[in-house]
Structure formats: C-alpha cells, structure tokens
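Trainee: Coordinates only, no sequence provided:
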C-alpha cells in the first residue's frame, strides 16, 4: 500500500473516532448521574463528587425551572433554536444532549437562571442523565 493509501486509512480511523453515538432525551434507559441543586456549590464540584458520571460519554443536561404558565411558550421560542427541549409542568424540564464539563454546565446554569428571572420564574438546579455503565466483558 502506498503512502496515499495509508494516509486515507488513517483519516478514516480518525473520522470513525469522531462519530458520536446518538442519545435521546426521552431514552427510558437513562439514569441520573449528577445533581446540582445547591446554588452555593460549583458545577465542577457537583461533577467531581459523582462516581457515576462519565466525562467522555454524552449526557442529557436537564434544568429544573418554575416558569409561569403564560410564559412557557416564550421560553420554548427562546430555547428551541439552541436544541433545548422544554417539557412544561409545575416544575418545567429543559433538556439537551451534550457532553458535560464544568464550564458548559456553569454557563447553562447561568443562562437558565437569567431566563427564569426574565420570565418571572425561578431556576431550581440541574441534573444530568446518562445510560448506565456497562462493564467490560
């Protein structure tokens, strides 16, 4: 095999590594692996204290907000373009699939707190869900 063939094979391997398995926010196999409902606790500390969270795997980041019923559609309009899904209720859940890290959790917590305040609601905290870890065979 020539140099061009080896380069092509290496590129294919790299591209396969970047393939991300899909995850759905409503997957019934998901379990809560991190919770952050204490406003005084840093998101990095919440992630660090969780033995179940796997940093390399996708997760569903789910924020818990109280949003007045007459503001739910406005919240949905603001969130949908960024891939968030809002499920309304006494406590509304705003979820999105992503890889978790402390910086993005903190940014999104701040964004949700701002959104809730603008709409006359309250941001209660967040949790993250992942599929249970399957032990190596």
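Mentor: Now that the structure is in, tell me what you want to look at. Because the structure is predicted, anything quoted here is derived from the model rather than measured.
Trainee: ok, and the helix or strand in this protein with the lowest average confidence?
Mentor: helix 3-18 (a mean of 59; mean pLDDT, DSSP states H and E).
Trainee: what's downstream of it, the next helix or strand?
Mentor: strand 31-36 (DSSP states H and E).
Trainee: Moving C-terminal from that following strand, which element do we reach first?
Mentor: Following strand 31-36 toward the C-terminus (DSSP H and E): helix 43-48.
Trainee: I'd like the next helix or strand past that next one.
Mentor: Counting by DSSP H and E, what follows helix 43-48 is strand 58-66.
Trainee: mind checking how far that next one is from the chain centre?
Mentor: Distance of strand 58-66 from its chain centroid, counting by Cα atoms, centre = their mean, to the nearest Å, is 6 Å.
Trainee: Count the neighbours of residue 94 for me.
Mentor: Neighbour count of residue 94, defined by other Cβ atoms under 10 Å: 25. Any C-beta I mention is one placed from the backbone N, CA and C, and that applies to glycine too.
Trainee: Please name the bridge partners of it.
Mentor: residue 63, residue 86 (DSSP bridges).
Trainee: Tell me if I'm right that it and residue 66 touch.
Mentor: No: in this structure, residue 94 is not within contact of residue 66 by Cβ atoms under 8 Å, at 11.6 Å.
Trainee: wait, what's in contact with the most centrally placed residue in the chain?
Mentor: The residue lying closest to the centre of the chain (Cα atoms, centre = their mean) is residue 61, at 2.5 Å. Contacts for residue 61 (Cβ atoms under 8 Å, 6 or more residues apart in numbering) come out as 95-98, 100, 104-105, 108, 126, 128.
Trainee: again, only using 7 Å
Mentor: By Cβ atoms under 7 Å, 6 or more residues apart in numbering, residue 61 lies in contact with 95-96, 98, 100, 105, 108, 126, 128.
Trainee: do the same with residue 49
Mentor: So residue 49 contacts nothing (Cβ under 7 Å, 6+ apart).
Trainee: what's the pLDDT at it?
Mentor: pLDDT for residue 49: 95.
Trainee: Give the residue spans of the protein that score low on pLDDT.
Mentor: 1-21, 135-137 (pLDDT under 70).
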